[in-house]
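**Student:** any chance you can model this:
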Amino acid sequence: MSFIDLPIDLELIANLAAMKLAAPTPIQAQAIPVAMDGQDLLACAPTGTGKTLAFALPAVQHLLDTQTRQHLSDSPQVLILSPTRELAQQTQKVIQQLMQGSGLSNLLIVGGIPLGQQHAAITEQQQRNCLVATPGRLLELVERNWLDISQVQMLVIDEADRMLDLGFIDPINKVAKLVQRQHQTLMFSATLEGDKIQTFAGNLLHEQATTITIEAPRQLAGNIQHSIFQADNDEHKQQLIETLLQAKDINQAMVFVNSRKQVEKWLTIARQLGIRCTGLHGDIKQSARNQQIKDLRRGWNKMLITTDLACRGLDIPSLSHVINIYLPAKADTYVHRAGRSGREHDAGTVWSVVDAMDWPNLGRIERYLQQALPRTQIPGLEPQKAEPKIASKTKKSKAGRKKSAGKKSAGKQRSPTPAKQKTGSKAKTK
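**Tutor:** Have a look, this model is predicted:
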């Protein structure tokens with residue numbers, strides 16, 4: 001299948017060609033026709049599979065189809081909600097590329113920008129067919145009567161699982177009540193696991209919404225190589241990390257930590273090693289964050305040391321490596337971090353340096369993936385201690401847990417069991 005097989009305007013086909021895109025990915029091929037048919041949609045696909053274009057293309061086509069209609073307000077007709085500023089900026093960039101030459105316009109609304117500056121941008125741009133926004137700042141501007149979203153016909157919620165993690169359920173529910181009563185909702189997520197995401201979707205989508213799942217969210221991309229380096233103690237860990245940071249085969253890398261203080265610490269260490277790098281965390285001003293990402297894309301910096309703020313939505317084509325100085329507490333976040341490398345099916349590499357304190361997180365990740373990640377050693381820096389044991393975890397009844405309390409699980413680790421892949425769509429009912 002190619003994009004020309006989809007019911008989209010030729011000017012969109014031309015803009016896709018300018019973006020060097022000829023054929024839709026599986027999530028795009030399945031989601032775009034459903035979205036263009038006006039149906040509510042719940043779509044799940046792993047990071048890096050093209051979810052942004054899967055909703056951006058139907059959104060712009062909808063605007064082209066309704067371009068000649070008269071609107072009674074300056075409300076946008078399409079509203080796209082993103083969990084972070086960086087993801088919102090990347091989404092807006094895709095929308096702009098698709099709108100090229102169409103006469104349509106879009107506006108970005110995110111936190112971290114002075115309110116006065118944002119108000120000026122709203123005032124200057126009277127026509128705003130599409131609005132890309134983060135929920136908190138959007139509601140703030142709506143409550144000040146600076147923005148009208150009453151005529152929104154298509155509401156897109158991107159990275160719905162991340163929205164849940166960041167506590168945006170209530171703000172999004174408020175937004176849904178402020179848009180046009182008869183509107184279409186498209187919800188995209190990297191995972192549909194858990195009661196919360198199902199409840200979240202059930203409250204926002206029509207009962208006849210279509211659900212599409214592409215691949216298994218626990219599946220690691222086959223083009224990315226993973227390595228676990230065991231660290232005996234803090235000194236050994238620093239030696240391992242400094243060696244990895246200076247590896248000659250790194251083109252560009254994202255280095256993940258879990259806090260602002262850790263960003264500053266490892267930024268200092270990396271610079272002392274002579275590495276061109278910058279840091280990213282939530283306390284950095286938006287203008288500085290934008291510049292840091294631009295510098296990375298242009299190749300001016302070799303590494304970005306960051307919190308999980310950058311684990312989704314940032315697409316750096318030349319990024320070859322992900323280095324985990326600390327593993328994430330949530331297993332699926334490991335998958336999202338890993339997905340920053342190996343973009344567009346290029347080879348990628350993920351290195352994780354794991355000490356005893358982090359070993360339980362490794363256990364959670366491997367149980368989630370249902371596979372053991374390869375152990376690797378650096379000559380001269382081999383671990384001297386035995387590898388910590390990872391306790392097995394199986395679902396039991398409460399009575400079963402009481403009986404087995406204090407007992408150690410025995411037996412070999414389960415061999416990897418690939419999750420069943422769903423390639424079709426199915427009707428979702430509340």
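**Student:** state the three-state secondary structure for the most centrally placed residue in the chain.
**Tutor:** The chain has R312 as the residue nearest its centroid, 2.9 Å off, counting by CA atoms, centre = their mean. Following DSSP: H, G, I helix; E, B strand; the rest coil, R312 is assigned to coil.
**Student:** how about the contacts made by it?
**Tutor:** For R312, the contacting residues are 47, 83-84, 87, 159, 162, 190, 336, 339, by CB atoms under 8 Å, 6 or more residues apart in numbering. In this view, the C-beta of every residue, glycine as well, is placed from N, C-alpha and C.
**Student:** try V110
**Tutor:** By CB under 8 Å, 6+ apart, the contact list for V110 reads 85, 88-89, 133-134, 137, 286.
**Student:** inside helices: which ones of these?
**Tutor:** Judged by DSSP state H, helices contain the following of these: 85, 88-89, 137, 286.
**Student:** relative to L63, which of the residues you listed is nearest.
**Tutor:** Checking these against L63 by CB to CB gives A88 as the nearest, at 18.1 Å.
**Student:** can you tell me how far the residue nearest to the centre of the chain is from P135?
**Tutor:** 16 Å (CB to CB, to the nearest Å).
**Student:** before we move on, what about D161?
**Tutor:** When D161 is compared with P135 (using CB to CB), they lie 15 Å apart.
**Student:** and L220, by the same measure?
**Tutor:** Plainly put, L220 is 30 Å away from P135 if you go by CB to CB.
**Student:** okay, the two: which has more neighbours?
**Tutor:** The residue with more neighbours, out of L220 and P135, is P135; 24 against 19, by other CB atoms under 10 Å.
**Student:** residue contacts, the more buried one?
**Tutor:** Here P135 is in contact with 81, 163, 168, 171-172, 175 (criterion: CB under 8 Å, 6+ apart).
**Student:** buried only: go through those for me.
**Tutor:** 81, 163, 168, 171-172, 175 (16 or more other CB atoms under 10 Å).
**Student:** switch those over to a markdown table; also include pLDDT, secondary structure and distance to R144.
**Tutor:** Listed next are these as a markdown table, based on pLDDT from 0 to 100; DSSP: H, G, I helix; E, B strand; the rest coil; distance: CB to CB, whole Å:
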| residue | pLDDT | secondary structure | distance to R144 |
| --- | --- | --- | --- |
| L81 | 97 | strand | 18 |
| M163 | 91 | helix | 23 |
| F168 | 91 | coil | 19 |
| P171 | 94 | helix | 15 |
| I172 | 95 | helix | 19 |
| V175 | 96 | helix | 15 |
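**Student:** name the nearest of these relative to P379.
**Tutor:** Distances from P379 to the buried ones among the contacts of P135, taken by CB to CB, are shortest for M163, at 44.8 Å.
**Student:** is V78 bridged to anything, and to what?
**Tutor:** In this entry, V78 is beta-bridged to C130, M154, by DSSP bridges.
**Student:** pLDDT score assigned to it?
**Tutor:** You'll see V78 listed with a pLDDT of 96.
**Student:** and the furthest pair within the buried ones among the contacts of P135?
**Tutor:** Checking the buried ones among the contacts of P135 with CB to CB, the most distant pair is M163 and V175, at 11.1 Å.
**Student:** mutual contacts of the two, please.
**Tutor:** By CB under 8 Å, 6+ apart, M163 and V175 have these common neighbours: 81, 135.
**Student:** okay, now the unreliable bits of this structure?
**Tutor:** 68-73, 215-219, 286, 313, 343-345, 391-430 (pLDDT under 70).
**Student:** could you list the domains of it?
**Tutor:** Structural domains annotated on the chain: 3-215, 224-387, as defined by automatic domain parsing.
**Student:** any chance you could map the helices in the stretch 301-430 of the chain?
**Tutor:** With DSSP state H, counting those that start in this stretch as the criterion, the stretch 301-430 of the chain has helices at 331-338, 359-369, 398-403.
**Student:** and the second one, which residues are buried?
**Tutor:** If I follow you right, that is helix 359-369. Of all the residues in helix 359-369, those buried under the rule 16+ other CB under 10 Å are 359, 361-369.
**Student:** do stretch 103-120 as well
**Tutor:** For stretch 103-120, by 16+ other CB under 10 Å, it's 104-113, 118.
**Student:** quick one: the strands in the protein?
**Tutor:** In the chain, the strands defined using DSSP state E lie at 41-44, 78-81, 106-109, 130-133, 154-157, 184-189, 210-213, 224-230, 253-256, 277-280, 303-306, 321-324, 348-354, 425-427.
**Student:** neighbouring strands for the first one, and are they parallel or not?
**Tutor:** Within its sheet, and counting by DSSP bridges, strand 41-44 is paired with strand 184-189 (parallel), strand 210-213 (parallel).
**Student:** of the helices of the stretch 301-430 of the chain, which approaches D346 most closely?
**Tutor:** Of all these, helix 331-338 comes closest under CB to CB, at 13.4 Å.
**Student:** list of residues touching that closest one?
**Tutor:** So helix 331-338 is contacted by 46-47, 161, 190-191, 217-218, 220-221, 224, 226, 254, 256, 308, 311-312, 322, 324, 327-328, 348, 350, 364-365, 367-369 (CB under 8 Å, 6+ apart).
**Student:** cutoff 7 Å now
**Tutor:** 46-47, 190-191, 217, 220, 224, 256, 308, 311-312, 322, 324, 327-328, 350, 364-365, 368 (CB atoms under 7 Å, 6 or more residues apart in numbering).
**Student:** put the buried members of these into a ChimeraX selection.
**Tutor:** Selection of buried members from the contacts of helix 331-338 for ChimeraX, criterion 16+ other CB under 10 Å:
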select :46,47,190,191,217,220,224,256,308,311,312,322,324,327,328,350,364,365,368
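**Student:** picking up where we left off before, farthest-separated two in the ones in helices among the contacts of V110?
**Tutor:** Q89 and R137 (12.9 Å).
**Student:** burial measure for A18, as a count.
**Tutor:** A18 sits with 12 neighbouring residues when counted by other CB under 10 Å.
**Student:** how close does it get to Q96?
**Tutor:** 12 Å.
**Student:** also R312?
**Tutor:** 20 Å.
**Student:** what's the closest of the buried ones among the contacts of P135 to N129?
**Tutor:** Once CB to CB is applied, the member of those that ends up nearest N129 is L81, at 16.2 Å.
**Student:** I figured that closest one hits A133, correct?
**Tutor:** Yes. Counting by CB atoms under 7 Å, A133 is a contact partner of L81 at 6.1 Å.
**Student:** wait, L79 touches V132, no?
**Tutor:** No. Counting by CB under 7 Å, L79 does not reach V132; the two are 8.2 Å apart.
**Student:** the two: which has the busier surroundings?
**Tutor:** Neighbours were counted for L79 and for V132 using other CB under 10 Å; V132 has more, 30 against 27.
**Student:** for the more buried one, give me its contacts.
**Tutor:** V132 is in contact with 80, 82, 88, 91-92, 95, 106, 108, counting by CB under 7 Å, 6+ apart.
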